[in-house]
Each structure stands twice: as structure tokens, then as C-alpha cells.
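**Q** next one to model:
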Amino acid sequence: MVMSMDIFDVFSLLGGLAVLLYGVKLMGQGLEKKAGGKLKTLLAAATSTKFKGFLLGVVITAVIQSSATTTVMVVGFVNSGILNLGQAIGIIMGANLGTSVTSWIMSLIGVSSDEMWVQFLNPRTFTPIIAFAAIIILLVFKKDSKKSDTASILFGLAFLMYGMQMITEAVSGLKDVPEFAQLMSMFSNPLLGVLAGAVITAIIQSSAASVGILQALSLNGQLSYSSAIPIIMGQNIGTCVTAMISSLGANKNAKRAAFIHLSFNTIGTLVWLTIYSIINAVLQPAISNEAVTPVGIAVCHSSFNILTIVTLAPFNKLLEKLACAVIREGTDKGEFALLDDRLISTPSIAVERSRTVAISMAHEAEESLNIAFDTLFDYNEKRAKKVREMEESVDMYEDSLGTYLVKISNMSTSESDSREVSELLHMLSDFERLSDHAVNIIETAEEIQDKELKFSEEAVSEIKVMISAVREILDMSISSFENNDLRKAVEVEPLEQVVDRLKVQIKSAHIERLRKQVCTIEMGFVLSDLLTDLERISDHCSNIAVCMIEIAHDSFDMHDYINHLKVETPKEYDSKYAFYRDKYSLNNIKSTT
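**A** Model (predicted):
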């Protein structure tokens, strides 16, 4: 085939394939950025029913223009414990249908008519218009990221259609080559057709591009339905290679998800290839020998996927059992990867997963502090050990999450996702330092225990008031982060100022007790360390809250924000400050000395 083509046609064919693949990727990235928030919402809903999972598979694949990428993402979901195997099946089925969208877009390459309005549907007419509109958008709206996403979608569509045109022109000369006609007729053998479709799709790892090539070839008029249909079925098998490769190194359930994708497409092909072959042999429909068109390929592609879903959907439990039988228990440790690199190919989903893990990290740091507070005046060795274990766990969170977020930041992300990555990166050190202070408080409790030290009743009461204030600011900052509640975040800074005030008051009260010889210098050192830890915990809580607010306003200057809060909204700030000052007033403590 290649020997019958001019060398420049070969270059044009390869260049067209490259442009087509780039167009599919660029359009998918633009659509994903545009729909990033909606994809997160759909992901949250996908875990409720299998039908919603199916719809999620359809939508995500239609958005990112790749069933292989969607399935790789599913492998990542299962490997991370986000989805179970049953839920994954629904998404995999939906992905097979969602990939049909691209074939319908590319079928426009075959549109031709003398009618003016029909001519506008031909890529030769609208591709330059789309590309020109995209560049105008980029020039006029340089700083508007949402408009840039729209331009990416338009550019992607233009590249996709231009790539199709290049491939079509490169193979146009083959219509008069007898060897090409013989090669096309060979694929009327169902097994050869399926094998060709599977191999080509596996090599280029894009069923969309594989279908596009087939549609371009069909314009020569030498590709019949009897040859095209087996190739289309084979393409569905070839697209499974990407997910199978990605499952290497994953846990057993992730491997099972990839296997279900392969078995679903393979069984669907075997069933409908058999039915098609019987119908073709017995009835010999006239359409079998007719030349297929780009639209005809899109129809066959969508029909095959729908028929496969209808056929195998009732047997999803059997597919799950088959996967479990092939990939047995004991093949790995069955551990979940909290952050799976497979999800990074879809940044909006990876960012959402990062946020979920960061919330877990924040709660673990908060819990470690609450345990440490309870242990301060009621020492317990088991609790002390647990706090240290939790601190190590939080450190691991910081290392893995920080690395993961840096990887995401190197991807092309939407403005909202980019802001969220920045927010999480800024907060990680604060979450980690919270757990460090929990260990410091445990060490203070151990020092009190080992040296048999004892605070005065008045000092204990004062410390407990400050701990109560710190507990509230801790809960407030973590809760505002988890729920993205900016209103609650605004209340953190006034309470942080109250905690600072308490530190000064308690130190002054201790100096007075020293003067009265009610307390000792040694206890003063312990108290000073404890107060410093409590005050710094509130500082980190303030950092978390201010970071949320500043990033929401596209700024990172925390000091400017705090000054703005005090100067620009003094009444609101003073009101909150007065409320917390009265709530945590040391005057409420009855003196015992």
C-alpha cells in the first residue's frame, strides 16, 4: 500500500495523523477545563447508582474525547478506593458509548452538496472559520482563562478536522490502485477485519483516531460495509490496551477493572461478530457490498456500542465474577493508593482527589491535637503513642500530596483548578505543623509526668480556657477548609487575636504567681513552651483561613489581608473580637489562691 503512494503522500498521511491526534487532545483538554467543576459533581454522584456511573462514563468520555483515558481514570479510581468494582463497570460501559461522539464529529468530512447551507457543514468551509474565531478570541481576551478554554476547544476541533483532510488527501490517490482495492476486500473476512482494527488502534492508542482514519479511507469508495464493520469491532478491543498497560502495578481490583474493560469489548465483539456473520452469510444483505461512508461508519460505531451495552448490561455481575476468577485474591496486598498518577491525565479529577486527601490530612492533624490536649493533664502512654503515629502519618500525607500537586501543576489546568492546587500547596505545611505541635504538647505532658510537676489550680484553669479557644479555632479553620466556607474563615482571625491576648495574660498571671511564690521557675519554663505551642497552633489556623480567602481573591499577601480586615471592616472585626474575648475571658475563672 505504501509503495503505491508518493513519498509526499506518506509524509502527509503521517502529518495528518499527528494533527488529528493533537486536535483530539487539545479539544479534550479545552472541554475538560470548561466542564471541570461539573466533572467533579458528576464524580461525586457516580458512586450512588450504576446508571449514574454509566452516564458519568458517557459524559467524561464525550468531554475528554478518549474512552481509553476514561478507562485509565477508572483504574485509578478503583486503585484509590474511590470506586468499587461494581461501580466501575457502569462507567466503563458508558465510556464505550461516549467515544462515539468523536466519530460523528469526524463524519462531517464526507458532507458534500450544492446547497450553500450544507457546504458550511463541510470541514473545508468551517475549519478556517473556526481557527480564525479561535485566534480572535485569544487576541481579544488574552487574560480571560475561560475564553482561552473556548479557544482551545475551537483550535482542537480545527486541528482535528484539518488532520482528517490531510489524511483524506494523502490516501485519495489509492482509489485507482488495484492493490488497495484488494487489501480492502480482504477485511471482509471478519477475523482479519477485527485483527486489523485491534492492532491499528492498539498501536496509536486512540480509537477516535483509528475511526477517523477509517472514515478518511471510506471516501475512496472502495471500503464496503462488510469490511468496515469487523474493523470497527476490532477497534473496540484495541482501545483496551492503554488501560491494561496502566493497570500494571495497581492493586487487584484495579487490574480487574482493566480486565472487565477488555472482556466487555471482547465478548461484545464475539457475540455481535457471530450474529453479523450469520446474517451476512444467510441473508446476504445488499448493503454489505455497498461502499461505506463516514456517516455510515459513525452509525455502525454507535450501533455496535449500544448493542454491546444492551447485551452485556444485565450480566455485569457475571463480568465482575469473571474478573475475580481470572485475577484471584492474593495477587497483591490489596492496598489502596491514596493518590493515583493515572488520575493526573484528567487534572480536574486529580485536583478533587487531592482535596479529599488533604481534608483527611487536616482531620488527622486535628484529631492528634485533640488527643494531645486530653493527655496534657491526664497522661496516658497509649494516647501519647497514637499522637506520634498520627504525626508520622501526617508527614507521609505532606510528602505524597506535595509531590502529587506539583505533578498536577505541570499539567494544563483550568483557572479554578490552578487556584485550588496553589491553595493546597500553601496549606500542607500548616497541616503538618499542627501535628508537630501535638507531639510537642505530648512531650510537655511527659515532662510533667516524669518530673512529677504540678501547675497551680489557677494556672490549670487558665490553660484550659486557652485550650478551649484553640480547639474552637482549630475546628473553625478545618471546617471552613473542608466546606470551602469563606464566611467561617473570616471569623478565624479575630479569634486568633484573642488567643494571642490569652497568651500575654497567662504569662502575666504566672509572673504574678512567681512574685507571690505560688509557682516555680521550672513550671514557668514548661508553661512558656506550652503557651508558645498553643499560640502557634492558632497562627497556623489563621494561615489556613487567610490562605483560603486570599486565593479566592487572587492574592497571596496575608499581611495585607489582615490589615484590610481590621481597617476596611472595623465594626465587623471588632464585633467578632469582642465576642470571643468575652467568651474566653480569664475573668470568668474564680481564683483559688
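**Q** state the helix or strand in which the nearest residue to L428 once chain neighbours are set aside lies.
**A** Once flanking residues are discounted, L428 sits nearest to E398: 5.1 Å by C-beta to C-beta, 6 or more residues apart in numbering. For the C-beta atoms, the positions are set from N, CA and C on the backbone; glycine is no exception. Assigned by DSSP states H and E, E398 belongs to helix 381-409.
**Q** follow-up on the earlier one: who are the contact partners of the residue nearest to L428?
**A** 361, 428-429, 431-432 (C-beta atoms under 8 Å, 6 or more residues apart in numbering).
**Q** turn these into TSV, columns for pLDDT and neighbour count.
**A** TSV is the format used below for these (pLDDT from 0 to 100; neighbours: other C-beta atoms under 10 Å):
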residue	pLDDT	neighbour count
M361	94	26
L428	93	20
S429	92	13
F431	95	25
E432	94	20
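**Q** redo the residues you listed as TSV? Include secondary structure and distance to K576.
**A** TSV is the format used below for the contacts of E398 (DSSP: H, G, I helix; E, B strand; the rest coil; distance: C-beta to C-beta, whole Å):
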residue	secondary structure	distance to K576
M361	helix	28
L428	helix	28
S429	helix	26
F431	helix	24
E432	helix	28
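**Q** ok, those residues vs E572, which is closest?
**A** The closest of these to E572 turns out to be F431 (C-beta to C-beta; 27.7 Å).
**Q** what's around E389, how many residues?
**A** Using other C-beta atoms under 10 Å, E389 is surrounded by 11 other residues.
**Q** check the gap between it and L270 for me.
**A** From E389 over to L270 the distance is 52 Å, taken as C-beta to C-beta, to the nearest Å.
**Q** repeat for E550
**A** In terms of C-beta to C-beta, E550 sits 58 Å off from L270.
**Q** check A362 too.
**A** 50 Å.
**Q** would you map out the domains in the chain?
**A** 2-326, 346-452, 455-593 (automatic domain parsing).
**Q** so which of those comes closest to L339?
**A** Taking C-beta to C-beta, domain 346-452 is the member of the domains of the chain nearest to L339, at 4.4 Å.
**Q** may I have the distance across that closest one, first residue to last?
**A** 57 Å (C-alpha to C-alpha, to the nearest Å).
**Q** what about the stretch 1-150 of the chain, any weak spots by pLDDT?
**A** 1-6, 8-9, 35-48, 65, 110-123, 142-146 (pLDDT under 70).
**Q** got it, and the stretch 151-300 of the chain?
**A** Checking the stretch 151-300 of the chain against pLDDT under 70 turns up 172-185, 286.
**Q** my read is that V326 contacts L262, right?
**A** No - at 10.0 Å, V326 does not count as touching L262 under the criterion of C-beta atoms under 8 Å.
**Q** with neighbour numbers in mind, choose between these two.
**A** Counting neighbours by other C-beta under 10 Å for V326 and for L262 shows that L262 has the greater number, 19 against 12.
**Q** give me the distance between the more buried one and I135.
**A** Counting by C-beta to C-beta, the gap from L262 to I135 is 42 Å.
**Q** what's the answer for L14, then?
**A** From L14 over to I135 the distance is 26 Å, taken as C-beta to C-beta.
**Q** most remote residue from this structure's center?
**A** K516 (61.5 Å; C-alpha atoms, centre = their mean).
**Q** and the pLDDT at that one?
**A** The model reports K516 with a pLDDT of 74.
**Q** quick one, strands of the stretch 251-400 of the chain?
**A** Counting by DSSP state E, counting those that start in this stretch, one finds no strands in the stretch 251-400 of the chain.
**Q** next: the chain.
**A** Applying DSSP state E to the chain gives no strands.
**Q** nearest the geometric middle of it, what residue?
**A** With distances taken as C-alpha atoms, centre = their mean, I349 lies nearest the centre of the chain, 1.5 Å away.
**Q** quick check, that one in contact with L343.
**A** Yes - I349 lies in contact with L343 (C-beta under 8 Å); the separation is 5.3 Å.
**Q** find residues that contact each of these two.
**A** M73.
**Q** the residue lying closest to L339 once chain neighbours are set aside: how many residues sit nearby?
**A** Distances taken as C-beta to C-beta, 6+ apart place Y404 nearest to L339, at 4.4 Å, with adjacent residues excluded. Using other C-beta under 10 Å, Y404 is surrounded by 23 other residues.
**Q** check K34 too.
**A** K34 is flanked by 17 other residues according to other C-beta under 10 Å.
**Q** so it touches T150, yeah?
**A** Yes - with contact defined as C-beta under 8 Å, K34 and T150 form a contacting pair (7.1 Å).
**Q** which pair of the contacts of E398 spans the longest distance?
**A** Farthest-apart pair in the contacts of E398 is M361 and S429; separation 11.4 Å (C-beta to C-beta).
**Q** what about the helices in the stretch 151-300 of the chain?
**A** Secondary structure of the stretch 151-300 of the chain (DSSP state H, counting those that start in this stretch): helices at 178-186, 190-204, 207-218, 225-238, 240-246, 252-282, 294-312.
**Q** cool, thanks, signing off.
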